[in-house]
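Peer 1: Pasting a predicted model and its sequence here:
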Amino acid sequence: MLAISTLAIVASGAGHAKAEALKVGILATLEGTYTLLGQDGVRGIEVALGAAKKMAGGREIETIVASTDTTPDSAVRAARKLIEQDGVQIIIGPVSGSEGIAIRDYAKTKPDVTFINGSSGAMETTYVDPSANFFRFNTDGAQWSAGLGKYVYDKKGYKTVATVGEDYSFIYTQVFGFVTEFCGAGGKVANRFWVPLGTKDFASIIAALPDDVDAIYLGLGGGDAVNFLNQYQQAGGSAKLIGGTIMVDGTVLTSQGKAKEALIGTPSSGPQADTWNDPKWQAWVKEYQDFFPADKRFPTPSLFATTYANATNAMLQCLEKTGGDLSGGQAKFRECLSTLTLDAPNGHITLDKNRQAVGSNFVTEVAQLADGSLANNLVEKVDNVSQTLGIDPAAFAKIGLPSRDVPECKASY
């Protein structure tokens, strides 16, 4: 089991500025099927704060971590504790999609606190009734699918697929992005299967998978992804696979056992690519690797480390620009966040009018490296991906919100 160091950053010297320390709350899934994802998110924060010497705008940063378990109630309870008991002024997080929707709604009841998303990727969080004090510097799950549908249709020759996904908002959003592009290219979706988060037994789903499809799209993550792969191989499954973003993240590719080898050659997409040769990306990978002993981290930062680090760096940059001034309802700080162009390791990120990220996406294939490890190898990069995926905003709105059955598989939208 990968370990994680404790984040407890306190004032540490009389030579620093006398400004009051700034308390920042961290929401991360440190329980349940997404535990490894949340752990690496916190690692990303540690790296970003370490590079800044735990200072910004003349103020020391004290962080307090609150654990969640992917459920909306757990996220709100944790946020309430951070604000009402610990007195934080900024919250970074959460990890999971339905948590993000709940935190957006909770943020509206706490207008004096600024919320910066960690990695949660449900579309509704910023697309529907956004909160003025909630900022998301990561693209959402549908944006993470940009380029994948066309790639598997045009380059891999997959014309008909079935999908298997966790039955909640983030995976609905992922499938939304994939289906609109895949079906728009001419593809067909034969079946959509949904399973609860934390599913242990996939036997009935595996038995129901159709034989007359070209590939199966897997929208699973964490322990669910590993459990499915083990059981699918034991059942003799041999279909071509397409990975949702967290199906092929480092949290899965570094899992114990050989089942993950079934993912070799699997196309996927998301907000980063392990093998991208961009100097800034390579510098981030080295910074992450150097910050922790090899047995206390993943071989390369997962997307959760990257997105949480990006959120932290956005906070640090705006605290620095405003001299740590959070007066007046944090107006100066929030104006900075709203207009910031974040030069992140995974590309330039800006925010739209809903404070939702516009950024790059990466189409990848899982490859086995020379040392035997698995990584997401860059196939192509798609820049300036907006939340409406290049579809006319009015037409996009008519598609409906992501759900089990939305979007329909149509040739045009």
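Peer 2: Okay, I see it.
Peer 1: buried ones in stretch 312-330?
Peer 2: 312-322, 324-326, 330 (16 or more other Cβ atoms under 10 Å). Every residue, glycine included, has its C-beta placed from N, CA and C.
Peer 1: Stretch 405-413 too?
Peer 2: Pro407, Tyr413.
Peer 1: With stretch 104-120 instead?
Peer 2: Arg104, Tyr106, Ala107, Lys110, Val113, Thr114, Phe115, Ile116, Asn117, Gly118, Ser119, Ser120.
Peer 1: A strand includes Lys260, no?
Peer 2: No: checked against DSSP: H, G, I helix; E, B strand; the rest coil, Lys260 lies outside a strand; its state is helix.
Peer 1: how many other residues sit next to it?
Peer 2: 20 (other Cβ atoms under 10 Å).
Peer 1: can you list the weak-confidence ranges in the stretch 201-350 of the chain?
Peer 2: For the stretch 201-350 of the chain, no stretch is flagged by pLDDT under 70.
Peer 1: Which ones among the buried residues of stretch 104-120 map onto helices?
Peer 2: Those of the buried residues of stretch 104-120 mapping onto helices are Arg104, Tyr106, Ala107, per DSSP state H.
Peer 1: Quick one: residues contacting the last one.
Peer 2: When you say that, I think you mean Ala107. By Cβ atoms under 8 Å, 6 or more residues apart in numbering, the contact list for Ala107 reads Val113, Phe115, Ser131, Asn133, Phe134.
Peer 1: what distance separates the start and the end of stretch 386-404?
Peer 2: Length of stretch 386-404, first residue to last, Cα to Cα, to the nearest Å: 23 Å.
Peer 1: Now do the buried residues in that stretch.
Peer 2: For stretch 386-404, by 16+ other Cβ under 10 Å, it's Ser386, Gln387, Thr388, Leu389, Ile391, Phe396, Ile399, Leu401, Pro402.
Peer 1: any idea of the mean pLDDT for stretch 34-50?
Peer 2: Across stretch 34-50, the average pLDDT comes to 97.
Peer 1: again with stretch 387-399
Peer 2: Averaged across stretch 387-399, pLDDT comes to 97.
Peer 1: Which residues outside that stretch are in contact with it?
Peer 2: By Cβ under 8 Å, 6+ apart, stretch 387-399 touches 123, 126-127, 139-140, 142-143, 146, 176-177, 180-181, 352, 354, 356, 358, 406-407, 413.
Peer 1: Next: stretch 190-202.
Peer 2: By Cβ under 8 Å, 6+ apart, the residues outside stretch 190-202 that reach it are 32-33, 70, 160-168, 175, 205, 208-210, 212-213, 220, 223-224, 227-228, 231-232, 404-405.
Peer 1: Restricted to helices, list these.
Peer 2: Those of those lying in helices (DSSP H): Val175, Ile205, Ala208, Gly223, Asp224, Asn227, Phe228, Gln231, Tyr232.
Peer 1: Give me the PyMOL select line for these, limited to the buried ones.
Peer 2: This is how PyMOL selects the buried members of the ones in helices among the contacts of stretch 190-202, with burial counted by 16+ other Cβ under 10 Å:
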select buried, resi 175+205+223+224+227+228+231+232
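Peer 1: which one of the ones in helices among the contacts of stretch 190-202 sits closest to Lys280?
Peer 2: The closest of these to Lys280 turns out to be Val175 (Cβ to Cβ; 31.0 Å).
Peer 1: Now do the closest one against Thr126, distance only.
Peer 2: For Val175, the distance to Thr126 (Cβ to Cβ, to the nearest Å) stands at 18 Å.
Peer 1: residues in contact with Val366?
Peer 2: Val366 neighbours (Cβ under 8 Å, 6+ apart): Gly243, Val248, Leu253, Leu263, Ile264, Gly265, Thr266, Ser268, Leu374, Ala375, Asn376, Asn377.
Peer 1: Kindly report the same for Thr300.
Peer 2: Gly250, Asp274, Val285, Tyr288, Gln289, Ala375.
Peer 1: Give me the buried subset of those.
Peer 2: Looks like the contacts of Thr300 have Gly250, Asp274, Val285, Tyr288, Gln289, Ala375 buried, using 16+ other Cβ under 10 Å.
Peer 1: ok, the third one - contacts?
Peer 2: The contact partners of Val285, by Cβ under 8 Å, 6+ apart, come to Asp274, Thr300, Pro301, Pro345.
Peer 1: let's go with 10 Å and repeat that
Peer 2: Gln272, Asp274, Thr275, Trp276, Pro299, Thr300, Pro301, Ala305, Thr306, Pro345 (Cβ atoms under 10 Å, 6 or more residues apart in numbering).
Peer 1: Please apply the same query to the fourth one.
Peer 2: Taking Cβ under 10 Å, 6+ apart, we find Tyr288 in contact with 40, 43-44, 46-47, 297-302, 305-306, 309, 345.
Peer 1: cutoff 6 Å now
Peer 2: Neighbouring residues of Tyr288 by Cβ atoms under 6 Å, 6 or more residues apart in numbering: Val47, Pro301.
Peer 1: And the first one, by the same measure?
Peer 2: Neighbouring residues of Gly250 by Cβ under 6 Å, 6+ apart: Phe298, Ser302.
Peer 1: Would you mind measuring from it to Gly44?
Peer 2: For Gly250 relative to Gly44 (Cβ to Cβ), the value is 12 Å.
Peer 1: cool, and the last one?
Peer 2: Separation of Ala375 from Gly44 (Cβ to Cβ): 18 Å.
Peer 1: which ones are touching the residue nearest to the spatial centre of the chain?
Peer 2: Taking Cα atoms, centre = their mean, the centroid of the chain lies closest to Ser119, which sits 3.7 Å from it. For Ser119, the contacting residues are Val95, Asn138, Phe304, Thr307, by Cβ under 6 Å, 6+ apart.
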